[in-house]
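Asker: Need coordinates for the following:
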Amino acid sequence: MELHGTELLQLTGLLAAMGALLALAPVLRVPYPILLVVGGLGIAFVPGLPRFELPPDVVLLAILPPLLYSAAFFTSIRDVRQNVRAIGALSIGVVAATMVAVAAVAHWAIEGLPWSAAFVLGAIVSPTDPIAATSIASRLGVPRRVISVVEGESLVNDATALVFFRTAVVATVAGTFSLWEASTRLVLNAVAGIAIGLAVGFVIRQVRRKVHDPPTEITIALLTGYLAYLPAAALGVSGVLAAVASGLYMGWYTPELTTPQVRLQGNAFWSILTYVVNAILFSLVGLQLPSVLDGIHGWSWSELLGAAAAVCGTVIVVRLLLTVPFAYVPPALLGMHRRGDPAPWREGLIVGWSGLRGAVSLAAALAIPLSTAAGAPFPDRELIVFLAFSVILATLVLQGLSLPLLIRALRVEDDGGAAYEESKARLRAAQAGLARVEELASEDWVREDTAERVRGGYRFRIDRFSERFGKGDGSVEERSQAYQRLRHELLRAEQDAVVELRRNGVISDDVMHRVLRDIALEDVRLDAR
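Answerer: The predicted structure follows:
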């Protein structure tokens, strides 16, 4: 397809607007998904712009697999295991309850909406999207276990909701429904999807043992999500759980397979990829509204807004009603709080209010068939798409913007668990390094003065991190912060000197980049900011 001058200018303007919104997000302290959805919504109504349509296969087959894989890869299996009851209750119980409640309310509020179509709508709006919620919670210092529950839930509830969605669509298209068949399909799809994901992860692990080239290893990692998702989808089982299972498997074993160079490049790659893909995805969500509205006929604005309010209210209230009481059920049915926490209900309320909907719901809505098996139009398809979009917009904007206010009002603070564990890890690493120095001190190639300098460095680090466990008066930490501040200033001077050499033509750009990389690596190892 050849683009003409006007279309190229429109595309340039759209990309510039996206860039401006991304730049404004940290300034306004608004999570970028919310700003991009709202911005895309505003841009969509600019006169003269073409309609942007997001094919559902682009999300379900092209975008979703790597996002699911990366989210699972960086998820702590230990955190998932500790919060398995919470994740199970939210990703299965709350999803199912939300689907049923939305179906009942929609059938009651919308005259002539059949039960089958109502259940399709309920399945579409039942899964959550954690990106905006977790970015807010992380920035405001919410306890790590709350973020773990929200992230872990999102890894599973997409699969649960999509299975419910396919079941409801099949029932609507065929005109028949079997509860036993639907339940059996849910279990088989989940088990088969997980099995495929683990099998793919095992094969990829064996392949990566033989590969020692950073670009190749990172490319294989990128393809892993697709290699798990696509075969599962082709067999009619859960591709979402397949991608998640492969990501969890590789996340556990990858540290044994990679070199420091691959680890550094891989982390940077996944960070940029997920950010860019999500930015594009949320922008396209906002740009969909004109196309959605074009398909609705025979409804007044009051009827549309009334139906949207009823469905959105049901989605939000049902999650709160089912999530918050779990915080009181011993022995912590949600698995979120620990014994001795003063107010576990606060964490339950935050988890309940973090139920934002996103691109998966929109993709599922757009994937609704146009007609039934009898050749009749799918009942109220356009209205279902509109209501799904309304839920996405309402939860992202209303709950997303108010979540920081709720967190501050509840005075929920970071429990310090992550910082404690990091200090423990750094202390143990320093102790291991010092022990290894003593083992190698007798080797001919280890000079005594060199070994003594290394011992001094490790002893200083041990004293420093020991202070964080109440050992010492804090003077070692104060000295460390002063030293690191000095190192930052010196490294900045080194960087300026190297750039000046390139500017004067003394060194090439290639040499400059190599030296600056080493300076940057040394700089990021310092934790004083």
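Asker: residue ranges with poor pLDDT in this protein?
Answerer: Scanning the chain for pLDDT under 70 picks out the ranges 1-5, 7, 130, 132-133, 135-141, 175-179, 182, 326-344, 414-417, 528-529.
Asker: mind running it again at 50?
Answerer: Within the chain, the segments meeting pLDDT under 50 span 328, 330-343, 529.
Asker: Domain parsing of it, as residue ranges.
Answerer: 40-415, 422-472, 483-529 (automatic domain parsing).
Asker: how about these in JSON lines, adding distance to Ala20 and mean neighbour count?
Answerer: (C-beta placed from N, C-alpha, C; glycine too.) Shown next, in JSON lines, are the domains of the chain (distance: least, CB to CB, whole Å; neighbours: other CB atoms under 10 Å):
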{"stretch": "domain 40-415", "distance to Ala20": "11", "mean neighbour count": "19"}
{"stretch": "domain 422-472", "distance to Ala20": "36", "mean neighbour count": "14"}
{"stretch": "domain 483-529", "distance to Ala20": "27", "mean neighbour count": "13"}
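Asker: okay if I get those as CSV plus distance to Ala16?
Answerer: As requested, these are arranged in CSV below (distance: least, CB to CB, whole Å):
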stretch, distance to Ala16
domain 40-415, 11
domain 422-472, 40
domain 483-529, 28
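Asker: packing partners for the host helix or strand of Leu321?
Answerer: According to DSSP states H and E, Leu321 maps onto helix 301-323. Under the contact criterion of 3 or more CB pairs under 8 Å, 6 or more residues apart in numbering; DSSP states H and E, helix 301-323 touches helix 95-109, helix 344-353, helix 381-394.
Asker: With respect to Leu67, which of these lies nearest?
Answerer: Closest approach to Leu67 among the helices and strands packed on helix 301-323 is made by helix 381-394 (16.4 Å; CB to CB).
Asker: quick one: that closest one to chain centroid distance?
Answerer: From the chain centre to the centre of helix 381-394 is a distance of 22 Å (CA atoms, centre = their mean, to the nearest Å).
Asker: again, but for stretch 20-39
Answerer: In this view, stretch 20-39 has its centroid 17 Å away from the chain centroid, taken as CA atoms, centre = their mean.
Asker: End to end on that stretch, go ahead and measure it.
Answerer: 10 Å (CA to CA, to the nearest Å).
Asker: Which positions in that stretch come out as buried?
Answerer: Neighbour counts over stretch 20-39 (16 or more other CB atoms under 10 Å) mark 21-22, 25, 30-39 as buried.
Asker: Using TSV, lay out the residues you listed together with secondary structure.
Answerer: Shown next, in TSV, are the buried residues of stretch 20-39 (DSSP: H, G, I helix; E, B strand; the rest coil):
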residue	secondary structure
Leu21	helix
Leu22	helix
Ala25	helix
Val30	coil
Pro31	coil
Tyr32	helix
Pro33	helix
Ile34	helix
Leu35	helix
Leu36	helix
Val37	helix
Val38	helix
Gly39	helix
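Asker: What are the phi and psi values at the residue in the chain sticking out farthest from the centre?
Answerer: Taking CA atoms, centre = their mean, the residue of the chain most remote from its mean C-alpha position is Asp444, at 50.8 Å. Backbone geometry at Asp444, expressed as degrees, to the nearest 10, gives phi -60, psi -30.
Asker: Next one: the residue nearest to the spatial centre of the chain relative to Ala174, how far apart?
Answerer: Taking CA atoms, centre = their mean, the centroid of the chain lies closest to Ile131, which sits 4.7 Å from it. For Ile131, the distance to Ala174 equals 35 Å [CB to CB, to the nearest Å].
Asker: cool, and Ala279?
Answerer: Distance from Ala279 to Ala174, by CB to CB: 39 Å.
Asker: Kindly report the same for Ala409.
Answerer: 49 Å.
Asker: so, if you compare the buried residues of stretch 20-39, which one comes nearest to Ala232?
Answerer: Pro33 (26.9 Å).
Asker: Verify the contact between the closest one and Ile280 for me.
Answerer: No: counting by CB atoms under 8 Å, Pro33 sits too far from Ile280 to count as a contact (11.3 Å).
Asker: quick one, phi/psi of Ile296?
Answerer: Dihedral angles (degrees, to the nearest 10) for Ile296: phi -100, psi 130.
Asker: Likewise for Pro377?
Answerer: Torsion angles, degrees, to the nearest 10, at Pro377: phi -60, psi 140.
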